[in-house]
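Asker: The following block contains a protein sequence and its predicted model.
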Amino acid sequence: MKKILAIYIFLFILTSSITAQENDCDYPLRQLYSLNHLSETYRGNGFAENYDLKYHRLSWFVNPNEYYITGEVMSLFKAVNDSIDFLEFELTHNLTVDSVIFHGEKIAFLHKTSGILRVTLPVFIRKNQLDSISVFYHGQPENNGSGSFVKDIHNSNIPIIWTLSQPYGSRDWWPCKHSLNDKIDSVDIFIKTLKGNLAASNGILVSENEDSLYYYCHWKHRYPIAAYLVAIAVTNYTRFSDWVFYDNKSLEILNYIYPESVAGFRSNIQHTIDVMQFYIEKFGFYPFDKEKYGHAQFGRNGGMEHQTMSFMGHFSEMLVAHELAHQWFGDYITCNSWQDIWLNESFATFCDGLVTQRFQTPQTYLNLLRDRISSITSQPGGSVFVPAGDTMSVNRVFNYRLSYQKGAMVLNMLRFMLGESAFFTAVRNYLNDPSLRFSYARTDDLRKHFEQVSGQDLSSFFQNWIYGEGFPSYKITYYPVKNHLTIMIEQFTSHPSVSFFSNPVPLLAKGLYQDSLLVLYPQYNSQIFDIDLAFQADTLIFDPYYHIISASNLLIKKNIPFEEGTKFIVMPNPISETFEIQFLEQLYIKNITLTDLSGRVIYDSGDLGKIVEPGEKKQVSLAGFNLKPGFYLLKITNNFNYSVKRLYVLPDKP
Ligand SMILES: [Zn+2]
């Protein structure tokens, strides 16, 4: 039998093209934001922290033919500080405040050009005391290109008005407290518009009526809601409902769709029922189950996860799945800072992947993962976590490659590492955490739940993959002989913020009739694994199921036992403080290193750049290194290759 010795090199060629899924999520509309003019104040930190918002009664009149709003916002609040004598809201200076009413009287206010509405209270309000205040206003909402209040048309000439306030846009159209630390405990929303239109919003539609000129409706929402998730959309909608049945309960999916789009979207919208049932199975409940879920069509290409009423530009399976997932990840539990936006977006992106896995072919799912990895690794840097200095850059906060795709694939990697059961138990524990539910979360809150369930310390995993930048590339050298495989895993990182990614490395060992997925956990660079298999493996394939984020990986099959360097010998071995390398053939030597099993470099010759002759010896002295007993790795590198040898240090004799 002729033995064919082949070297298989698998080069994962990267494409930097942006994937088709981009149009299927809420990313593109965010790209239009430009908020450079906003000051740091709008992060919400330190602003309006002397009161706790309990309730808003929001009353708006909008005419879809006019870029204009007339409103009254009644706020019920509780004083948080000892005695407060002023309140602040955010409201663009483009809008005119007509009056502020407190205890039935008009009171003084200052509407600053910076967009702060400061109201001076005629009395002190004691700590924990409840009180209310109403702001009446009108005018043209601020049009800063962010799309927070939009007048548009559909079907050639039918007018529509919709709002979209994430991340900083509520202030463009209503006086609000736009922080990420105080949800409004509940809201009532009253909308008046021209007859012939319907208005979609948050919560339950309590009542609607009309007179000869106007249409009126009342929406009631009795769950805590972040200001940016309050929204309205008004046009000549057609309305219809689907119903989800689960656990002897029924849940309404209420849809507001352009009349001309109903026929085209009807069957896709119905798919929401399957996705809702699937999520309830996975996560155990729907957060707003006493009310409803719904869709309102709008003129943007993506979607926006307004609480209990997502606004949708189309109804692809991915977009439906993405926006619905946000009801758990984003609305029910909201990121506590825009630095943690991945807790919203990466989870929703992970979930639209889950839906693809559940409802599409295995190949479609693999292609999705492959494309996501390809997009993530199209640039060498970038962290999932948004750096503190970047929270005012909406393009950075909603960076599709990082906040959506990379975070989603990190979650996928955790799912692979922890296993299906532990991963989803941790996610359910996170969702049921009393300190997070209907409130806000930070990255560490999620990490703790994964650690509690798995019993693993994930701090370095999170440090590498969430806060650190870049990704690993692997060089896998393997030597198969009969049922035995020797594998060396070398790792190179694309960004200096991470020197070594601690994640499993999946390798498919393929034999003639059998294969097996090996999952190796390198703890340091150039680690060697000796593996016994039940069959003879001829080939290794790198991560064929796209479990980990990596790129430009290289596999090299050796036909000689690469560890037993035939080109040199070491004397003595076990080694002592000094040892000698004797070269057996002419070699170009670039560098010699000795590392311990944690990857720590004990000895580094530096750049040698010399040719050694057969028989030539080199002395290495490790005096002063206090070598502990155990294994060490000697590596001799030339320009294109290297040889390694395991050395031993014996314990001291008693
Ligand atoms: Zn999203």
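Answerer: Here it is on my side, so go on.

Asker: For the stretch 201-350 of the chain, give me the ranges with low pLDDT.
Answerer: Regions of the stretch 201-350 of the chain meeting the criterion pLDDT under 70 are absent.

Asker: close enough to count as contact, Tyr365 and Thr356?
Answerer: Yes. In this structure Tyr365 lies within contact range of Thr356 using Cβ atoms under 8 Å: 5.1 Å. For glycine as for every other residue, the C-beta is placed from the backbone atoms N, C-alpha and C.

Asker: just the strands in the stretch 51-200 of the chain please.
Answerer: 51-61, 69-79, 83-90, 96-102, 105-106, 109-111, 116-126, 130-139, 149-154, 158-163, 186-194, 198-200 (DSSP state E, counting those that start in this stretch).

Asker: and Ser459, which of these is closest to it?
Answerer: strand 51-61 (33.4 Å; Cβ to Cβ).

Asker: could you pull out the strands for the stretch 301-450 of the chain?
Answerer: 303-304, 310-312, 334-335, 440-441.

Asker: so what's the residue nearest to the spatial centre of the chain up against?
Answerer: By Cα atoms, centre = their mean, the chain has its centre lying nearest to Ser346, at 2.3 Å. Ser346 is in contact with Val384, Ser403, Tyr404, Lys406, Gly407, Ala408, Val410, Leu411, counting by Cβ atoms under 8 Å, 6 or more residues apart in numbering.

Asker: now it: how far from Gly147?
Answerer: 23 Å (Cβ to Cβ, to the nearest Å).

Asker: Next up, the contacts around the nearest residue to Asn209 once chain neighbours are set aside.
Answerer: Among residues not flanking Asn209 along the chain, Tyr216 sits closest, at 5.5 Å (Cβ to Cβ, 6 or more residues apart in numbering). By Cβ under 8 Å, 6+ apart, the residues touching Tyr216 are Phe190, Ile191, Lys192, Glu208, Asn209, Glu210.

Asker: Look at Tyr216 and tell me its secondary structure.
Answerer: State at Tyr216, reduced to three classes by DSSP: H, G, I helix; E, B strand; the rest coil: strand.

Asker: and it, bridged to which residues?
Answerer: Lys192, Asn209 (DSSP bridges).

Asker: how much space between it and Asp98?
Answerer: 21 Å.

Asker: now do Ala321
Answerer: 44 Å.

Asker: Which single residue in the stretch 101-250 of the chain comes nearest to the ion?
Answerer: Among the residues of the stretch 101-250 of the chain, Gln166 lies nearest to the ion; the distance is 9.2 Å by Cβ to the ion.

Asker: Tell me the pLDDT of that residue.
Answerer: Reported pLDDT at Gln166 in the predicted model: 90.

Asker: Would you mind confirming that it makes contact with Tyr228?
Answerer: Yes. With contacts counted by Cβ under 8 Å, Gln166 reaches Tyr228, the gap being 4.6 Å.

Asker: quick one, which of those two is more surrounded?
Answerer: The neighbour count for Gln166 versus Tyr228, taken as other Cβ atoms under 10 Å, is higher for Gln166 (28 against 24).

Asker: Report the spatially closest residue to Leu634, excluding sequence-adjacent ones.
Answerer: Nearest residue to Leu634, sequence neighbours excluded (Cβ to Cβ, 6+ apart): Lys645, at 4.8 Å.

Asker: SS state for that neighbour?
Answerer: Lys645 - assigned by three-state DSSP - is strand.

Asker: and the gap between it and the ion?
Answerer: Using Cβ to the ion, to the nearest Å, Lys645 is found at 52 Å from the ion.

Asker: Over to Gly609?
Answerer: 53 Å.

Asker: How about the contacts made by that residue?
Answerer: Residues in contact with Gly609 (Cβ under 8 Å, 6+ apart) are Ile589, Lys590.

Asker: And it, its phi and psi?
Answerer: When read as degrees, to the nearest 10, the backbone of Gly609 gives phi 50, psi 50.

Asker: same thing with Ile575?
Answerer: Dihedral angles (degrees, to the nearest 10) for Ile575: phi -90, psi 160.

Asker: Same question for Gln379.
Answerer: According to degrees, to the nearest 10, Gln379 has phi -130, psi 150.

Asker: Go through the strands of the stretch 301-450 of the chain and name the closest to the ion.
Answerer: Of those, nearest to the ion by Cβ to the ion is strand 303-304, at 7.3 Å.

Asker: Give the other helices and strands that that closest one contacts.
Answerer: strand 310-312, helix 317-325 (3 or more Cβ pairs under 8 Å, 6 or more residues apart in numbering; DSSP states H and E).

Asker: Figure out which of these is closest to the ion.
Answerer: helix 317-325 (5.5 Å).

Asker: what comes into contact with the closest one?
Answerer: 21, 24-26, 268-269, 271-272, 275-276, 279, 293, 302-305, 310, 312-313, 347-352, 354-356, 359-360.

Asker: For PyMOL, what selects the buried ones among those?
Answerer: Buried residues within the contacts of helix 317-325, by 16 or more other Cβ atoms under 10 Å, are selected in PyMOL with:
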select buried, resi 21+24+25+26+269+271+272+275+276+279+293+302+303+304+305+310+312+313+347+348+349+350+351+352+354+355+356
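
Asker: that older thread, Ala321 and Asp98: which is more packed in?
Answerer: Ala321 (28 against 14).

Asker: circling back to that earlier point, so the residue nearest to Leu634 sits right up against Ile575, yeah?
Answerer: No. Taking contacts as Cβ under 8 Å, Lys645 lies outside contact range of Ile575: 10.5 Å.

Asker: low-confidence ranges in the stretch 351-500 of the chain?
Answerer: In the stretch 351-500 of the chain (pLDDT under 70), no residue qualifies.

Asker: Now do the helices in it.
Answerer: With DSSP state H, counting those that start in this stretch as the criterion, the stretch 351-500 of the chain has helices at 362-376, 394-397, 407-418, 420-432, 443-454, 459-462.

Asker: Tell me which of those helices lies nearest to the ion.
Answerer: helix 407-418 (10.4 Å).

Asker: So what touches that closest one?
Answerer: In contact with helix 407-418 (Cβ under 8 Å, 6+ apart) are residues 342, 345-347, 349-350, 353, 369, 372-373, 376, 384, 423, 426, 450, 453-454, 456, 458, 461, 465-466, 503-504, 506, 547-549.

Asker: quick one, it and helix 362-376 angle?
Answerer: 120 degrees (axes from the mean of the first three to the mean of the last three Cα atoms, to 10 degrees).
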